[in-house]
Structures are given as C-alpha cells and as structure tokens.
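Enquirer: Whatever this is, show me its structure:
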Amino acid sequence: MKKKQVLWVCMGIVLQTSLAGATRYWVGGTGNWTDAATHWAATSGGSAASGNEPVAGDDIIFDANSGTGILSVTTNISVSSFTFSSGCSALTVNISSGTTNITSTSSGLIMNSSGSGILQLSGGTLIITHIVTINGGTLQLNSGTLSVLGSTGSGNEGLLIGGGTVNCAGASLSIGDGNNEILSLSSGSLSVSAGTIDVQTKLTASGGTFSISGGTLNLGNSSSSTQSYALYFNGAGLT
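Expert: Next comes the predicted model:
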C-alpha cells in the first residue's frame, strides 16, 4: 500500500513539473523559430540543443544574449509568455504567418524598460490571453491580427503602455472580451497610421503621445450591457 502511495506522489510531482513548463532562451541572433539545435537554450547565453524547442506552457526570454537580427516565426506555436528583457537591444521577433498563442493568465507579453527589442506582426494571428505590458522596445503591427483577451475580468487588463512604442500600421488590433479590459497609455507612444483598433471598454491616456494619422479606432464593441465605454485623456499629447 505504501509503495502505491509513493508511486502516486512521484507521478504527481512529475505531472506538476511538466504542467509548469520550462524557461527557454533564444541565442545566436538571426534564425527560424524551429531552429532548436542552433538557437534555443535552457539558460541565458547557454548552449542550444534540439530538445530545447519551446512547447506549450514554456516561458520565452529574449535578453542580452539573444544576439542581433531577426527571429522568424512562420508556423503555429503556443507558449505561456514572451519577455523582452532590458538587455534585449537588437533582436526583432517577426511573426509573418500561422497562429501564435500566448496563454499565461498573468502577464503574457512583457517588453521591459531600457530594452530596444522589437516584436513585429507582419501577418498571421497573435493571440494573448491576458496582459500586454510595453515599457520599452517596439510593438510593430504591420499586418495580420493581434487579439489581447484579458479574460479574467479583474480590471486593468489589456494593453498597458508605460514606455516604448506601439505602432499600428495596417494590422487589426482587438482588446478585450467585455470584462473591463483597457488600452492604457501612461508613457511612451501609441501611433495609428493604418489598420483598425477595437477596444471593448475604454482607452485611457494619462501621459505619452497618442498619434492618429489614419486607420480606424473603435470603442465599445462589447455586447455586454454592464460595461462603460469611454475615452479618457488626462495629460497625454494627442496629434
């Protein structure tokens, strides 16, 4: 009986570890997402190995050891989170086709301050389950579709810009599923030159620069009758 209990405990530990996912680091500069043997490592600046290609539940880090150039994403992928660290200075992650799912229920995409990395959407679909935090670097939306769901309904979720740059230049950006999600600009810049931005609840701008030279901005597309839809400007520059 005790042996069976020990076996079940061990199996539970293995399962829990598996469900928690691993952390994977991009190294070596330019390459394709599927180039595991030459670009995915288990530690920052570590050795790449074929067994390190990210799978569902893994957290992805781009940092000072990721190198320069373009990481091309052209296939369907699912991971827990993307983090561009402050040390990521010259890497562009370009999603051009397929569907990229970022599934974390806390912070799905983080671009840290002092970093100058670029996440570029030039086709395909990017779905982020919860929060996008842009404090540095650039989120460049040229084409394709970005959906930020913010689906737990606890408020202050969605796309939060506290620095860095977000450029919508032809893509379709949708924020929220009717549960108090927001597009918030407190510093940095949000520029819309083409494409469409749909914000389910509200857009707040308390700092930074908000520039609209083209495209379409829609507020309050949720079918929920319990939400308040609004546009707030309190200190941000509007051009």
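Enquirer: show me the contacts for residue 68.
Expert: Residue 68 is in contact with 29-30, 89-91, counting by Cβ atoms under 8 Å, 6 or more residues apart in numbering. Where you see a C-beta, it was placed from the backbone N, CA and C, and this is true even at glycine.
Enquirer: mind checking how far it is from residue 87?
Expert: According to Cβ to Cβ, to the nearest Å, residue 68 and residue 87 sit 12 Å apart.
Enquirer: Then residue 117?
Expert: Distance from residue 117 to residue 87, by Cβ to Cβ: 9 Å.
Enquirer: Okay, now the unreliable bits of this protein?
Expert: Across the chain, the ranges flagged by pLDDT under 70 are 1-20, 151-156, 177-180, 221-239.
Enquirer: Helices of that one, start to end?
Expert: Counting by DSSP state H, the chain has helices at residues 2-20, 36-39.
Enquirer: For the last one, list every residue counted as buried.
Expert: Of the residues in helix 36-39, those buried by neighbour count under the rule 16 or more other Cβ atoms under 10 Å are 36, 39.
Enquirer: who does that helix touch, helix- and strand-wise?
Expert: With contacts taken as 3 or more Cβ pairs under 8 Å, 6 or more residues apart in numbering; DSSP states H and E, helix 36-39 sits against strand 31-32.
Enquirer: Pull the residues that contact the strand it packs on.
Expert: Contacts with strand 31-32, where a contact means Cβ under 8 Å, 6+ apart, come from 38-39, 69, 71-72, 74.
Enquirer: Export those to CSV and append columns for distance to residue 54.
Expert: What follows is the contacts of strand 31-32, written out as CSV (distance: Cβ to Cβ, whole Å):
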residue, distance to residue 54
38, 14
39, 11
69, 19
71, 12
72, 15
74, 15
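Enquirer: what two of the residues you listed have the greatest distance between them?
Expert: Farthest apart among those by Cβ to Cβ are 38 and 74. That separation is 16.4 Å.
Enquirer: Go ahead and confirm residue 43 touches residue 25.
Expert: Yes. Residue 43 is within contact range of residue 25, at 6.4 Å (criterion: Cβ atoms under 8 Å).
Enquirer: Between the two, tell me which one has more neighbours.
Expert: Per other Cβ atoms under 10 Å, whichever of residue 43 and residue 25 has more neighbours is residue 25, with 22 against 13.
Enquirer: For the more buried one, list each beta-bridge partner.
Expert: With DSSP bridges as the criterion, residue 25 is bridged to residue 41, residue 61.
Enquirer: Done for today, thanks.
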